[in-house]
Structures are given as structure tokens and as C-alpha cells.
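J.: quick one, fold the following:
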Amino acid sequence: MADAALKARNPEPGPAPPAAPPLSPPRRPVDQAAALGISEAEWLVTHAPGRVRRLKVRARDLLPRLPALGPVMALTRNPFCVHEKEGAYGNIEVAGAMGLVLNHAIDLRLFLAHWVHLFAVETPLEGGGMRQSLQVFDSSGTAVHKIFAREATDRTAWAALVADLGEESPPGPIAVSPRPKPTPDRPDEAIAIETVRQRWAALRDVHDFFALLREEEVGRLQAMRLAGPPYSRPVPVSAIEPLLEAAAAEGVPLMCFVGNRGCIQIHSGPVHRVVPAGPWLNILDPGFNLHLRIADVAHAFAVWKPQADSPVHSVELFAADGTLVCQLFGERKPGRPELPAWKRLVDSLPDA
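T.: Numbers count the residues shown, from 1 in each chain. Model prediction:
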């Protein structure tokens with residue numbers, strides 16, 4: 001997000017000098033890697049300043065060490081959205097290639113087959129000191145999940161984790177595989193949309209929606225386009241900012257999901273500061289930041305799904321290539337009805 005242009009000032013009479021060029025923020029590692037035509041993980045082991053150490057463990061062996069670190073910042077992103085959440089890891093469950101972190105502030109769904117390259121990183125800061133992080137990448141070198149030390153982090157536990165799990169020698173070049181391309185949707189006319197609608201209406205749990213899409217061989221965005229009301233309704237992308245502002249003003253707590261193929265990260269609770277900045281729409285709250293590149297959101301849908309205990313409404317955002325960018329729900333617990341205030345906000349969204 002670019003800073004505003006700096007305006008030069010001339011204290012003497014006469015024409016003002018031309019405005020100074022905008023200050024450019026430091027380029028993110030992912031952007032620097034893209035400029036070089038390599039993955040972020042490859043950039044990390046070959047170009048990153050500071051110290052990088054490979055962690056010689058599998059993800060399932062790293063996870064039990066995380067609660068000892070205390071408060072940290074968890075970051076999960078996809079190409080269009082960054083989700084940052086502060087809290088402590090706890091209530092961790094691992095079953096095969098699936099993992100859960102259910103500690104409210106840090107709320108994650110983990111797909112551990114994609115936790116391939118793990119590193120401990122120390123990055124020098126301009127004002128002195130080091131930023132410490134644990135960074136996880138998939139087989140293509142794309143970031144899956146990152147953990148950053150904060151002021152309240154237990155640095156002794158952090159040092160012990162890195163000493164126990166980290167390799168001493170700097171990591172050499174890593175092997176990455178091409179990132180798989182999304183499977184193209186079948187032609188719309190090949191979709192049995194009435195069957196999709198019938199199965200959608202019969203959902204007993206929102207998590208069963210993934211099975212519906214897989215078994216009916218329909219893409220998620222494609223299903224949103226074809227199902228129509230009451231299941232899905234296109235809404236203007238421009239309505240997302242007013243939606244978030246209304247939720248903030250009315251104190252309606254949200255659930256905000258952002259994910260990639262290795263991790264889904266969830267915020268549950270109210271939001272307060274909704275800050276647009278150029279192509280970005282941000283939530284800048286203590287303990288929770290969201291950076292949504294709203295300019296790259298091509299489709300938005302208001303979505304209804306039935307459940308055994310209570311139907312739920314959500315807003316789902318997609319990029320032009322069909323990537324699910326972000327999902328917004330009203331905060332709710334299993335067995336409790338949906339917040340009427342959230343349903344009202346979703347119902348009030350205009351049609352696209």
C-alpha cells in the first residue's frame with residue numbers, strides 16, 4: 001500500500017517546486033521473489049537478509065512446540081488477501097494429514113500434506129534488532145503459514161525450539177515443483193444444476209458443501225453463479241466496504257476466513273477500524289489485521305446454507321480466476337442460531 005505523495009514546501013514567495021514522488025514501501029519478499037521469477041521459499045534461502053535455518057522436522061512434530069511460545073502473530077494469506085491474528089497456539093489436534101488449532105484467537109484448519117518446507121528466520125530491522133519468524137511453504141515454494149514473535153513471546157522457548165529443531169548449516173538450494181494449475185470447470189451445460197440445488201437445500205452441515213462440489217463436479221464459483229436464489233445471489237464488490245463498516249458500527253461480531261491450500265485462518269469477533277487505501281481494503285484492529293486487495297475481487301455472493309441447527313448466511317469473495325479470496329460469516333457457535341443482525345446485513349446487500 002503506497003504512502004500518500006509527499007508535497008514539497010517552499011517557504012519563499014514564488015512558484016512551488018514539483019511534488020516529490022511517492023514514498024515506496026519496502027517490497028515484500030513474495031514480490032521480490034516474483035520479480036526474480038522464483039518462488040518465495042527459493043528467495044528466502046538465496047536472497048533474504050539475516051539468518052535462515054531449515055527445520056528438520058515434519059509439521060506434526062513442530063505443532064506441539066508452539067504453545068510454549070506464548071503470544072505470537074499468525075499470518076495466512078493467498079494472492080489476494082492477508083490475514084494476521086495475534087494470540088497463542090493451543091488446543092492443537094492432529095489426525096493424519098489434517099490439523100486443528102482451536103484456541104479462539106488462533107483458529108486454524110491445517111492441511112499438513114502441503115507443509116513441505118519449514119524454516120526459522122531472523123530478519124534484521126532498520127532500527128536494529130531482529131524480527132524472528134517461523135515460515136512454512138508448500139512444494140511449489142508458496143507461503144502456507146507464518147508465525148512471528150511479538151514483544152510478549154517467550155524468547156527462551158523460541159530459542160529452544162530453533163536450537164532443537166533447526167539445522168546448523170545454512171540451507172542450500174531447495175527443490176520446488178510447479179504450482180498446480182486449477183482444474184478448469186466443466187461447461188455450465190454439463191452441470192446437473194437441479195441436483196446441485198436439491199443437495200444444497202438438504203445440507204445438514206456447512207462443511208458438507210465441499211463434498212457436494214466434489215461429487216457433483218462443479219466449481220465453487222460456478223455453483224454460486226448457477227444456483228441462484230435463495231442459495232446464492234451476486235452482490236456488488238463495492239458493497240463489501242459498507243458491509244464491514246456497518247458491522248463495525250453496530251458491533252456485529254464476524255467470522256472472517258482466509259486460506260490457501262495448506263491453511264485456513266479464522267478471526268471470530270467484532271471489527272472496529274475499516275480503512276480503505278487505494279486497491280486495498282483493510283481492517284486494522286488490535287490483535288487482528290486484514291489486508292484485502294479489493295481491486296482484485298471480481299465476484300461477490302451472498303450465500304445461504306441450511307444446517308441441522310440453524311441456517312447460515314455468508315458473503316464469499318472470488319478473484320477472476322475463481323480463487324476463493326475471503327469468506328465472511330456472522331459469529332456463531334455450534335448449536336446456536338445465526339445472529340439476526342448479521343442476517344439483516346447480508347439481506348440488505350443490493351443485487352449486483
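
J.: just the C-alpha atoms of stretch 76-94, please, in CSV.
T.: Extracted C-alpha coordinates of stretch 76-94, given in CSV (Å, rounded to 0.1, in the frame of the first residue of the first chain):
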residue,chain,number,x,y,z
THR,A,76,-2.0,-16.8,6.5
ARG,A,77,-2.5,-15.4,3.0
ASN,A,78,-3.5,-16.1,-0.6
PRO,A,79,-2.5,-14.0,-3.6
PHE,A,80,-5.4,-11.5,-2.8
CYS,A,81,-5.7,-11.3,0.9
VAL,A,82,-3.6,-11.4,4.1
HIS,A,83,-5.0,-12.4,7.5
GLU,A,84,-2.9,-11.5,10.6
LYS,A,85,-4.0,-12.6,14.1
GLU,A,86,-2.3,-12.3,17.5
GLY,A,87,-2.7,-14.9,20.2
ALA,A,88,-1.3,-18.1,21.5
TYR,A,89,-1.3,-21.6,19.9
GLY,A,90,-3.2,-24.2,21.9
ASN,A,91,-5.8,-26.9,21.8
ILE,A,92,-3.9,-28.5,18.8
GLU,A,93,-5.2,-31.7,17.3
VAL,A,94,-3.6,-33.7,14.5
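
J.: buried ones in it?
T.: Residues of stretch 76-94 classed as buried: 76-78, 80-89, 92, 94 (neighbour count, 16 or more other CB atoms under 10 Å). Every C-beta, even on glycine, is put in place using the N, C-alpha and C of the backbone.

J.: ditto for stretch 35-45
T.: Using 16+ other CB under 10 Å as the test for burial, stretch 35-45 gives 38-45.

J.: name the nearest residue to residue 70, ignoring sequence neighbours.
T.: Among residues not flanking residue 70 along the chain, residue 154 sits closest, at 4.5 Å (CB to CB, 6 or more residues apart in numbering).

J.: tell me how many other residues surround the one you found.
T.: 16 (other CB atoms under 10 Å).

J.: do you know how far it is from residue 229?
T.: Plainly put, residue 154 is 51 Å away from residue 229 if you go by CB to CB, to the nearest Å.

J.: picking up where we left off before, if I pick the residue nearest to residue 70, what's in contact with it?
T.: 68-70 (CB atoms under 8 Å, 6 or more residues apart in numbering).

J.: quick one: which of those residues is most hemmed in?
T.: residue 69 (23 neighbours).

J.: does that one touch residue 89 like I think?
T.: Yes. The pair residue 69 and residue 89 qualifies as a contact (CB atoms under 8 Å) at a distance of 7.1 Å.

J.: just say helix, strand or coil for residue 135.
T.: The assignment at residue 135 comes out as strand when based on DSSP: H, G, I helix; E, B strand; the rest coil.

J.: residues in contact with residue 98?
T.: 109-112.

J.: so of those residues, which ones are in strands?
T.: 109-111 (DSSP state E).

J.: most neighbours among these, which one?
T.: Using other CB under 10 Å as the neighbour criterion, residue 110 leads the ones in strands among the contacts of residue 98 with 25 neighbours.
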